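[1] have a look; sequence and predicted model below, questions after that.
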Amino acid sequence: MFPRWFLLPTKSCLLLGSRRAGKTTLLLDSLKSATYLTLDDYDLLELADKDPKAFVNKLGPLTVIDEVQRAPNILIGIKKFLDEKKGTVYLTGSSALSLQARGAETLAGRISVKELPTVCWNENLGPPRPLFEKPLDELEAKVIMRGFSSWNIYGGYPEVVSCKSDKDRELLLKDYKNSFFLRDLATLNELENERGLMALMIYLAQSTSSRVEISKASQEIGLSHPTVKKYMRALELSKIVFSITGYQFGPAKRMIKAPKYYFKDSGVPTALGIELSDRQRFEQFVISEIEKRRALGAFDCDQLFYYESTGGREIDLIIEQPNSLLAIEIKSTKSISRSDLKTFSNFELKGGKKPVRKMIVYRGVEYLVSGGVECWPVANLAGAL
């Protein structure tokens with residue numbers, strides 16, 4: 001397994017991420033002396049359910065507990081274990097409807113909560129260079145773009161990245177669909193309608209770049225409003241999808257507009273056999289890659305936004321940091337037109353005083369700056385953090 005860009009905390013940690021994102025491998029490679037307990041083991045799971053105290057007594061000075069969402073009741077015992085300073089505990093979770101909230105409440109102040117995303121584009125090739133600082137020259141960009149199609153289609157699940165051919169990647173993603181994308185996800189989150197879950201994921205994929213209204217989704221899919229809300233929540237907590245909301249300078253107004261949804265990894269639509277337009281797939285890829293980097297700490301923010309002006313003009317992505325804003329428009333074309341540059345002409349933040357960096361990420365290979373707008377080839381995302 002190649003080294004990941006994730007910086008593992010030195011203190012106790014709850015590590016979240018989708019199944020197959022590489023959480024267990026990362027911890028075992030980094031903590032070779034740790035006691036390893038997995039709740040995928042039926043005997044250990046039964047012990048954790050029936051006698052949480054006896055389970056906690058198995059913890060050593062350094063312990064990894066895998067798939068903790070299967071037995072959230074042991075969190076109380078782990079809290080006592082940490083309060084008594086008996087050791088350091090690393091927990092992994094593919095999440096469930098209640099784990100994140102219960103874990104944060106029970107272990108607040110005693111354990112950090114981190115997310116391990118799937119592999120960033122070219123993370124497997126070595127340490128990262130700084131993102132959006134020094135542009136690649138055109139020759140470098142052209143070389144990198146030779147591998148773009150594979151990453152765009154098959155995504156960054158570690159086992160997928162390690163495959164030797166695209167055919168092997170395709171077969172592995174099909175296996176993922178039939179295992180954890182549907183069956184495990186439904187079982188772990190107590191979702192009764194597997195076909196309804198699949199229908200919802202298809203709907204979200206087809207809605208890429210568009211706002212998603214729960215009521216409309218309910219009508220289109222044929223599921224009740226509460227069921228759609230429950231399934232959407234499960235997909236988010238299981239790190240399969242994430243949402244971005246409409247940006248306004250006043251935080252209270254940001255939740256008014258319906259969110260947009262994207263898959264955490266661009267390989268998920270491929271695994272599910274969902275056809276996306278070229279524009280949708282490119283936008284899905286870029287935003288998911290930036291979300292991965294946000295989770296890894298490249299941006300000092302808790303979430304991403306989109307922006308819509310009063311006249312209906314949109315900017316695909318807003319990254320708000322303590323001292324600056326990054327506004328990004330995503331274009332699947334290989335060249336930039338004057339109309340692309342005009343996208344930012346109606347971008348205003350009433351009451352906002354932070355400096356704004358305006359950018360276009362596109363499919364070409366030439367870096368250029370025009371009218372205060374930086375145009376970055378998508379190749380600059382590869383190998384960068």
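    Received the coordinates, thanks. Residues are numbered from 1 along each chain as shown.
[2] what's the local residue count around residue 134?
    Other residues within reach of residue 134 by the criterion other CB atoms under 10 Å amount to 11. Quick note: C-beta positions are derived from backbone N, CA and C, even for glycine.
[3] residue 244 reaches residue 308, doesn't it?
    No. With the criterion set as CB atoms under 8 Å, residue 244 and residue 308 do not qualify as a contacting pair; they are 11.7 Å apart.
[4] looking at these two, which is more packed in?
    In this view residue 244 and residue 308 are compared by other CB under 10 Å, and residue 244 has more residues nearby, 18 against 15.
[5] quick check, the more buried one in a strand?
    Yes. Following the definition DSSP: H, G, I helix; E, B strand; the rest coil, residue 244 is counted among the residues of a strand.
[6] run through the bridge partners of it.
    Each beta-bridge partner of residue 244 is listed here, defined by DSSP bridges: residue 260.
[7] quick check: it vs residue 85, distance?
    The gap separating residue 244 from residue 85 is 40 Å, by CB to CB, to the nearest Å.
[8] swap in residue 330?
    48 Å.
[9] give me the helices and strands touching the helix ranked longest in the chain, please.
    Secondary structure of the chain read by DSSP state H shows that its longest helix is helix 278-295. Packing contacts for helix 278-295, counted by 3 or more CB pairs under 8 Å, 6 or more residues apart in numbering; DSSP states H and E, involve helix 148-154, strand 260-263, strand 314-321, strand 324-331.
[10] among the ones you listed, which is nearest residue 338?
    strand 324-331 (12.8 Å; CB to CB).
[11] which helix or strand lies directly C-terminal to the closest one?
    Sequence order places helix 338-341 as the next helix or strand after strand 324-331, per DSSP states H and E.
[12] how about residue 44, secondary structure?
    From three-state DSSP, the assignment for residue 44 is helix.
[13] look up how far residue 61 lies from the closest residue to it other than its chain neighbours.
    Distances taken as CB to CB, 6 or more residues apart in numbering put residue 37 closest to residue 44, at 5.9 Å, once the chain neighbours are dropped. With the distance defined as CB to CB, residue 37 ends up 14 Å from residue 61.
[14] same thing with residue 121?
    Residue 121 is 38 Å from residue 61, where distance means CB to CB.
[15] repeat for residue 74
    Distance from residue 74 to residue 61, counting by CB to CB: 18 Å.
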